[in-house]
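> Task: produce atomic coordinates for the following.
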Amino acid sequence: WDKDRIQQYQFRKLKHLLVESGENVPYYSNLFQEIGFNPAGDFNSIEDLEKIPVLTKAKAREFRHLLDNPKYAKRSIQMRTSGSTGQPFEVNVSKNAWVMEQAVVWRHWKWSGYNFRDKMAIVRSFVPGPDGKLTKKERLRNFLYFSPFHLNDENMASYLNKMIEEDVKVLRGYPSTIFILANFVLRTNHKIPKLKLILVASEELRDNDRTAIELAFRTKVTNHYGLAEICVMMGDCGAHNGLHNYDEHAYLELLESEQEDRKRIIGTNLHNFATPLIRYDT
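Down below sits the predicted model:
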């Protein structure tokens, strides 16, 4: 879609979200009445979204009990932030919002060369069970999980040998865990799998770490940014030249901050009616 069509789509989704929230979400019912804003009649362009105050994390926590839409409560998925920028925070996510979330993530992977069921090694999101095994297979998506909590030299050598044996094509993990693996490869000159790409997310990817990872594994790193609040997501493509906002997923605003070279990321998910976070300051 061209820019105009995307903006038309965003406007329609925002209008629906604002009307629904004004009618059924106590926080927004009270807020819209307080500021004299009627979404049905006063929201006539995307710019009209600026009539609504930015929702800070502090305010979202204070009024968390008023932010749910009871119509979607039973059919929603609960997500919880890690608390990396403060205290953990829970939100309910509409199933349609989760479907869109997964769709844009998989498209992000495909932009960089991933094809469905390429063998993927994942060094994140896996905690070994009572059996103590440090690896786990998920056959449906062809994923091979490795514990990110046991990255000593012996285990990393074993992990890499397993990746080679399984003919892994894609490596996925936190920037920190992939960097630790890369550093091990550079220190020991250990053999590496023949990878098509590396996917990282959930932490800051520093330029020096990217360079080291790409040097060790001889392939490109693809970076992804998102939040458990499901309010904005972005990622790089095959060009690896900055991040794209996923415009079908969320409406993004970049507002001024106290630092001249920094912007505040303000996100509004277009599909989450369960706990709508409108103009949420990430």
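
> Show me the helices in the protein, by range?
Here the chain has its helices, by DSSP state H, at 3-24, 26-35, 39-42, 57-62, 95-111, 153-165, 175-188, 207-217.

> Enumerate the positions of the first one that are buried.
If you call a residue buried by 16 or more other Cβ atoms under 10 Å, then helix 3-24 has these buried ones: 10-11, 13-15, 17-18, 20-22, 24. Where you see a C-beta, it was placed from the backbone N, CA and C, and this is true even at glycine.

> tell me how far that helix is from the chain's mean position?
21 Å (Cα atoms, centre = their mean, to the nearest Å).

> Please name every helix or strand in contact with it.
helix 26-35, helix 39-42 (3 or more Cβ pairs under 8 Å, 6 or more residues apart in numbering; DSSP states H and E).

> Which among these is found nearest to residue 195?
Closest approach to residue 195 among those (Cβ to Cβ): helix 26-35, 46.0 Å.

> Mind checking the pLDDT average for the closest one?
Taken as a whole, helix 26-35 has an average pLDDT of 98.

> In the beta-sheet assignment, what are the partners of residue 143?
residue 120, residue 138 (DSSP bridges).

> outside of the helix-or-strand element of the chain with minimal mean pLDDT, which residues touch it?
The least trusted helix or strand in the chain, going by mean pLDDT, DSSP states H and E, turns out to be strand 77-80, with a mean of 81. Strand 77-80 is contacted from outside by 88-93, 95, 98, 228-230, using Cβ atoms under 8 Å, 6 or more residues apart in numbering.

> Restricted to strands, list those residues.
Among the contacts of strand 77-80, the ones falling in strands (DSSP state E) are 90-93.

> about what we covered before: wait, which of the contacts of strand 77-80 is closest to residue 214?
Using Cβ to Cβ, the contacts of strand 77-80 come closest to residue 214 at residue 228, 28.0 Å.

> Got the confidence number for the closest one?
83.

> With residue 173 instead?
Per the predicted model, pLDDT is 97 at residue 173.

> residues in contact with it?
Contacts of residue 173 (Cβ under 8 Å, 6+ apart): 122-124, 148, 181, 199-200.

> Out of the helices and strands packed on helix 3-24, which one sits most buried?
The highest mean neighbour count among the helices and strands packed on helix 3-24, using mean count of other Cβ atoms under 10 Å, belongs to helix 26-35: a mean of 16.

> Please name every helix or strand in contact with that one.
helix 3-24.

> quick one: the helix it packs on to helix 26-35, angle?
100 degrees (axes from the mean of the first three to the mean of the last three Cα atoms, to 10 degrees).

> residues in contact with residue 190?
156-157, 160, 184.

> at 6 Å what do you get?
residue 160 (Cβ atoms under 6 Å, 6 or more residues apart in numbering).

> what does residue 244 give?
residue 234.

> what are the bridge partners for it, then?
With DSSP bridges as the rule, residue 244 is bridged to residue 235.

> what's the pLDDT at it?
93.

> what about it, distance to residue 208?
Applying Cβ to Cβ, to the nearest Å, the value for residue 244 to residue 208 is 23 Å.

> Of the ones in strands among the contacts of strand 77-80, which is the nearest to residue 259?
Out of the ones in strands among the contacts of strand 77-80, the member with the shortest distance to residue 259 (by Cβ to Cβ) is residue 91, at 27.8 Å.

> what's the spacing between that closest one and residue 156?
Residue 91 is 36 Å from residue 156, by Cβ to Cβ.

> neighbour count winner among the two?
Comparing residue 91 with residue 156 by other Cβ atoms under 10 Å, the one with more neighbours is residue 91, at 26 against 20.
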